[in-house]
Structures are given as structure tokens and as C-alpha cells.
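In: model the structure of this input:
(chains A and B)
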Amino acid sequence: QSVLTQPPSASGTPGQRIIISCSGTIPNIGSHTVNWYQHLPGTAPKLLIQYNNHRPSGVPDRFSGSKSGTSASLDISGLQSEDEAEYYCAAWDDNLNGWVLGGGTKLTVL
Amino acid sequence: EVQLVESGGGLVQPGRSLRLSCEVSGFTFDDHAMHWVRQAPGKGLEWVSGISSNSANIGYADSVKGRFTISRDNAKKSLFLQLNSLRAEDTAVYYCAKAERGGLYSGADYWGQGTLVTVSS
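Out: The predicted model follows:
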């Protein structure tokens, strides 16, 4: 059972917009910024969004993030086949004194 | 270019020990906290441990507390994870990750390719 809650799966067709949610509590998302990662099997996870809504250099502007209260969201617009991957949210947790991650959302591009 | 290369994984019997290493390049190692994150077969990513840039602050997941020890050698630009009293449920790919800043609370921005640890008799 992950501390941060994500839907286990999501799907969409090319060009569509997808939103992946991440629900936490006050000690984590409610008090700290959220990062989002993209992970393809057998590869190194990649940072997509940091500090809730900042895209690192090289990340397409199709990816955006937001946070409100104890929840965060990853928005992917103009879905492409190469976006098919697992997506994770992460935040620091004051109670656990460590990083917590969501269980991951497997995105399928139909 | 930031690079992180893990090593030290392998097949080990339950109850035995293993030491993982992560050699880095492409950034000022002693300015950044570092983390270990693992992924068990068929499971999601799980944060294992983190260490601040000057080793003053260290944290562990409850699942490994008392069994795993994180350390770093800033002179050698290396991160380590000592895994003791290994259990079958520790079987996973272990990733080394560079943090955005020096504090332990700082999240990861670059990750290595991972090293596989298999605990089995």
C-alpha cells in the first residue's frame, strides 16, 4: 500500500489529453513539492516535473503538473505512442522522514 | 553529462550481505544529496534510503531500517548501500539517484540504470 495514491492504469488515443492524479496527505503533498517521473521497463526513470509544475530542460511542453492542497496532477496533452510508460508521483514525508512515491500509473496509448 | 553507474548486485542467499556502489560523474558530487530507490519484480518504485550532501542527515524506509546502511565518499564521488540480513522481499533492481540539492528532502533528478539484487537459496 503506497502512501501516495495513483490510479493503477490510464489509457488514451494519440492526440488525446490524459490527467493522472496523485493523492496524499498533509505531511507529504500538503507540505512539500511534488515530482513526477516517467519509467520505461529496463531503463532509468526520468524526471518529468519538479517542484509541482516545473519542467526540466528537454521535457516536452505537452507535460505539465499542478498541485492543490494534498493532491497533485500530471497533465499530458497531445498523447503520443512514445508516452506509453509507467508514471510516478513523489514527495517528501515529514512523518516518515523519507521520500514516498505513488504506486505508479501504467499509461497505455491505444 | 550526468552519469550514475551502479554495481555490486547479484544472487545472494537469505541472511547474507551485499554492498552496492554507485559511481558518478558530470556534476559536483558533494553539493548533492543522494538516494537509493528499488523496484521489486512486478511492483512500483520504492524509496529505500537517502543521504544529504555532507552525510549529516540520513533516512531509511521502515522496510530496511536496521538492516541497510547508506554511506558516501565525496572524495571518490561514490555512494554505497550495505545490505545485511537480506530477505527474499529485498529482491529488486536498485537504482542510485542524484538529488536536486544538498538536503535529504531534495528529490531525485537523475537516475542510474540500476543493479539487480536477487535473494534466493
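In: other residues contacting the longest strand along chain A?
Out: Within chain A, and with DSSP state E defining each element, the longest strand by residue count is strand A:85-93. Residues outside strand A:85-93 that contact it (Cβ atoms under 8 Å, 6 or more residues apart in numbering or on different chains): A:3-4, A:6, A:20, A:22, A:24, A:27-29, A:31-41, A:45, A:48, A:72, A:74, A:98-102, A:104-107, B:44-45, B:47, B:105, B:107-108. For every residue, glycine as well, the C-beta is placed using N, CA and C.
In: residues contacting the residue of chain A most remote from its centre?
Out: Here the centre of chain A is the reference, and by Cα atoms, centre = their mean the most remote residue is A:Asn95, at 21.5 Å. Contacts here follow Cβ under 8 Å, 6+ apart; on that basis A:Asn95 touches A:Pro27.
In: residues near residue 103, how many?
Out: Let's take chain A. A:Gly103 is surrounded by 20 other residues when neighbours are defined as other Cβ atoms under 10 Å in any protein chain shown.
In: that's the wrong chain, I wanted chain B
Out: Counted by other Cβ under 10 Å, the residues lying close to B:Gly103 total 15.
In: am I right that it sits in a helix?
Out: No. The assignment for B:Gly103, made by DSSP: H, G, I helix; E, B strand; the rest coil, is coil rather than a helix.
In: B:Gly26 touches B:Val5, doesn't it?
Out: No. Contact status for B:Gly26 versus B:Val5: not in contact, 11.1 Å apart, counting by Cβ atoms under 8 Å.
In: hey, what's in contact with both of these two?
Out: Overlap of the contact sets of B:Gly26 and B:Val5 (by Cβ under 8 Å, 6+ apart) is empty.
In: narrow the contacts of strand A:85-93 to just the buried residues.
Out: With burial judged by 16 or more other Cβ atoms under 10 Å in any protein chain shown, the buried subset of those is A:3-4, A:6, A:20, A:22, A:24, A:27-29, A:32-39, A:45, A:48, A:72, A:74, A:98-102, A:104-107, B:44-45, B:47, B:105, B:107-108.
In: what ranges do the strands span in chain A?
Out: Defined through DSSP E, the strands belonging to chain A, from first to last, are A:9-12, A:18-23, A:35-39, A:46-49, A:63-68, A:71-76, A:85-93, A:98-101, A:105-109.
In: what's the last one in contact with?
Out: Here strand A:105-109 makes contact (Cβ under 8 Å, 6+ apart) with A:6-14, A:18, A:20, A:76, A:79-81, A:83-88.
In: buried subset of those, written for PyMOL?
Out: If you want just the buried ones from those in PyMOL, going by 16+ other Cβ under 10 Å, the selection is:
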select buried, chain A and resi 6+10+12+18+20+76+79+83+85+86+87+88
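In: so for A:Arg55, what's the pLDDT?
Out: Among the per-residue scores, A:Arg55 shows a pLDDT of 98.
In: export the longest strand of chain A as PDB, just CAs?
Out: What follows is strand A:85-93 as a C-alpha-only set of coordinates in PDB (Å, rounded to 0.1, in the frame of the first residue of the first chain):
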ATOM      1  CA  ALA A  85       5.200   4.100 -19.800                       C
ATOM      2  CA  GLU A  86       4.700   4.000 -16.000                       C
ATOM      3  CA  TYR A  87       4.300   7.400 -14.200                       C
ATOM      4  CA  TYR A  88       5.100   8.000 -10.600                       C
ATOM      5  CA  CYS A  89       4.500  10.900  -8.300                       C
ATOM      6  CA  ALA A  90       6.800  11.500  -5.300                       C
ATOM      7  CA  ALA A  91       7.100  13.900  -2.300                       C
ATOM      8  CA  TRP A  92       9.000  14.200   1.000                       C
ATOM      9  CA  ASP A  93       7.000  13.000   4.000                       C
END
